[in-house]
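Asker: Fold the following for me, if possible:
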Amino acid sequence: MPNWCNNSIAFFQEDGGNALLDAFYTDIQKYQNYIDPETGNASSWIGHWLESNRVDIKNLYTRGFLSNIELNDTHVRIDMETAWAPLPEIWDLMAEKYELSYVYIAEECGCEVYVNTDADGKFFTTRYVLNYFDVDDLELDDRTMAEYGERLRGLGGETTYFDSWKEVEVAFEDFGFTFTDIDGLNKRLDAFRIRVYEYSSE
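Answerer: The predicted structure is shown next:
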């Protein structure tokens, strides 16, 4: 069974228009709850869109499923679950057919996949993440718990996303140690068995 990668893709027109977006949305939304004519079963597999558009999928990895499709003023947002990693080869095909551009954000914490290709932050602003952790599961020694336990509880309990390095600095300023970059911070966090991940651009 694979680890599932959560992806959000924003397709948009470079000229800021929406005529091509409308056509794309009309096409792609049919496949979120697609009924396979051979089996009669509902399936959100992305391969249905590819096959319907005469794309040869024989040598193409297509293990991905549509979970949400939205038409916005400036873009079409598609949320997908994919096995292990993003599927930019498929999104390239979708964008090419409708003469669109796209950026995406993807997260699969089991394989430490964190990607955000939206360099300008137009659609996706997240740059760093601290994954959920339960302080009581960290098995820290009594001294560490006494000194940092409450601060760690303030950070744990949910996945925390940061839009900037400044937000990361603020989150850890009460810990009393110094760091200047992500590597320095994670060296400090090794003692707590947690780490902050930076989203890559590819």
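
Asker: And the next helix or strand past the helix or strand that contains residue 48?
Answerer: Assigned by DSSP states H and E, residue 48 belongs to helix 47-52. Heading C-terminal from helix 47-52, the first helix or strand you meet, by DSSP H and E, is strand 64-71.

Asker: What residues sit buried inside that next one?
Answerer: Buried residues in strand 64-71, counted by 16 or more other Cβ atoms under 10 Å: 64-66, 69. Placement of C-beta: from N, CA and C, glycine included.

Asker: Quick one: mean pLDDT for the biggest helix by length in the chain?
Answerer: Scanning the chain for the longest helix, with DSSP state H as the assignment, gives helix 142-155. Here helix 142-155 scores 94 as its mean pLDDT.

Asker: what bits of this protein have low per-residue confidence?
Answerer: Low-confidence segments of the chain, defined by pLDDT under 70: 1.

Asker: burial of residue 92, as a residue count?
Answerer: Applying other Cβ atoms under 10 Å, we find 11 residues neighbouring residue 92.

Asker: Strands along the chain, start to end?
Answerer: 4-12, 34-35, 42-43, 64-71, 76-83, 101-108, 113-116, 128-130, 160-162, 196-198 (DSSP state E).

Asker: so how far is the helix holding residue 48 off the chain centroid?
Answerer: The chain centre lies 23 Å from the centre of helix 47-52; the measure is Cα atoms, centre = their mean, to the nearest Å.

Asker: In contact with the residue nearest the centre of the chain, which residues?
Answerer: Ranked by distance to the mean C-alpha position of the chain (Cα atoms, centre = their mean), the top residue is residue 106 at 2.3 Å. Counting by Cβ atoms under 8 Å, 6 or more residues apart in numbering, residue 106 touches 5-8, 82, 85-86, 113-116.

Asker: do the same with residue 151
Answerer: 174-175.

Asker: Same question for residue 10.
Answerer: Applying Cβ under 8 Å, 6+ apart to residue 10 gives the contacts 75-77, 102-104, 118, 122-124.

Asker: make it 6 Å
Answerer: For residue 10, the contact set (Cβ atoms under 6 Å, 6 or more residues apart in numbering) comprises 75, 77, 103, 123.

Asker: for residue 164, same thing?
Answerer: Counting by Cβ under 6 Å, 6+ apart, residue 164 has no contacts.

Asker: ok, back up a step: narrow the contacts of residue 106 to those that are buried.
Answerer: Burial by neighbour count, 16+ other Cβ under 10 Å: within the contacts of residue 106 this picks out 5-8, 82, 85-86, 113-116.

Asker: And these, which two are furthest apart?
Answerer: 82 and 116 (15.7 Å; Cβ to Cβ).

Asker: Distance to residue 153 added to the buried ones among the contacts of residue 106, as JSON lines?
Answerer: JSON lines is the format used below for the buried ones among the contacts of residue 106 (distance: Cβ to Cβ, whole Å):
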{"residue": "5", "distance to residue 153": "29"}
{"residue": "6", "distance to residue 153": "26"}
{"residue": "7", "distance to residue 153": "31"}
{"residue": "8", "distance to residue 153": "30"}
{"residue": "82", "distance to residue 153": "34"}
{"residue": "85", "distance to residue 153": "33"}
{"residue": "86", "distance to residue 153": "33"}
{"residue": "113", "distance to residue 153": "28"}
{"residue": "114", "distance to residue 153": "24"}
{"residue": "115", "distance to residue 153": "30"}
{"residue": "116", "distance to residue 153": "28"}
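
Asker: Kind regards, and thank you for your time.
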